[in-house]
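**Q** Below is the sequence, then the predicted model.
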Amino acid sequence: MARGLGDVYKRQGVDSATGLELWNYAYPQTYTDQNMPTPIYCRGVILLGAENRGIRALQPQSAGGSWSVREQWHQEEVALDMSSAVVNADLFFGFSHYDQGRIFCLDPETGKVLWQGPPRTGENVTFLAIPDHVLALVNDGQLKIIQAIDEKYENLATYRVAQDDPYSTWAPPVLLQNGILIKAKHTLTLWRLNGS
């Protein structure tokens, strides 16, 4: 069934054994917003975002065999468009489409934006969380190594891992035992880690 503008979409929690709905949360859509990012579960809350609608923290609760969900916080300083975020070191790292693309760090408990990287980073970023770092693969073929800290945006290194093309790298990097696998528009490349 086709849906139009102004529709209300639901976010749902379902029983994995039966498929029955446990709870739902109305998520209005007032214009042609996308709902692509994968929600994240962190510290007892579900973090979700959508284009032009900020990020919300939903807390599911069960009492007396009945489920409900409440909004713990909602912020609109940053939002998620197509890029799914990651959690690392109890911090939420994402890519907001505002200002033509900015990597950001958010406190998942309060919703406070702790820092934002420079604007005009790109159209899309895919993330990979590794110990103490976040790998951010920008759609133009740049791989940024970001320190997983809350104080400031700390880009430790940037590597060109695919041709400079706005549609070069949209798939997430894959961490292997001996390197990082990068799928680009026309190539699949293994990048070795130092000492491998």
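**A** Sure thing, it's come through. Residues are numbered from 1 along each chain as shown.
**Q** what's around Trp67, how many residues?
**A** Using other CB atoms under 10 Å, the number of residues around Trp67 comes to 14. The way it works is simple: take the backbone N, C-alpha and C, and place the C-beta from them, glycine included.
**Q** The helix or strand hosting it packs against which elements?
**A** According to DSSP states H and E, Trp67 maps onto strand 66-75. Counting contacts by 3 or more CB pairs under 8 Å, 6 or more residues apart in numbering; DSSP states H and E, strand 66-75 is packed against strand 21-28, strand 55-63.
**Q** what comes up buried for it?
**A** Val69, Gln72, Trp73, Gln75 (16 or more other CB atoms under 10 Å).
**Q** can you tell me which residues contact the spatially most central residue of the chain?
**A** In the chain, the C-alpha closest to the average C-alpha coordinate belongs to Ala85, at a distance of 1.6 Å (CA atoms, centre = their mean). With contacts defined as CB atoms under 8 Å, 6 or more residues apart in numbering, Ala85 is in contact with Pro37, Ile40, Leu47, Gly49, Phe92, Phe93, Gly94, Phe95, Phe127.
**Q** circling back: using JSON lines, please lay out the buried residues of strand 66-75 together with distance to Thr18 and pLDDT.
**A** Below are those laid out as JSON lines (distance: CB to CB, whole Å; pLDDT from 0 to 100):
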{"residue": "Val69", "distance to Thr18": "18", "pLDDT": "93"}
{"residue": "Gln72", "distance to Thr18": "27", "pLDDT": "95"}
{"residue": "Trp73", "distance to Thr18": "31", "pLDDT": "96"}
{"residue": "Gln75", "distance to Thr18": "34", "pLDDT": "95"}
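**Q** any idea how far stretch 185-193 is from the chain center?
**A** With CA atoms, centre = their mean, to the nearest Å as the basis, stretch 185-193 stands 23 Å off its chain's centre.
**Q** mean confidence score for it?
**A** The average pLDDT within stretch 185-193 is 89.
**Q** Now that stretch - C-alpha only, PDB.
**A** As requested, C-alpha coordinates have been extracted for stretch 185-193 and formatted as PDB (Å, rounded to 0.1, in the frame of the first residue of the first chain):
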ATOM      1  CA  LYS A 185      32.000   0.900  -7.000                       C
ATOM      2  CA  HIS A 186      34.100  -1.300  -9.200                       C
ATOM      3  CA  THR A 187      36.600  -3.000  -6.900                       C
ATOM      4  CA  LEU A 188      37.000  -5.100  -3.700                       C
ATOM      5  CA  THR A 189      40.300  -4.400  -2.000                       C
ATOM      6  CA  LEU A 190      42.000  -5.800   1.100                       C
ATOM      7  CA  TRP A 191      44.000  -3.100   3.000                       C
ATOM      8  CA  ARG A 192      46.600  -4.600   5.300                       C
ATOM      9  CA  LEU A 193      47.000  -3.400   8.800                       C
END
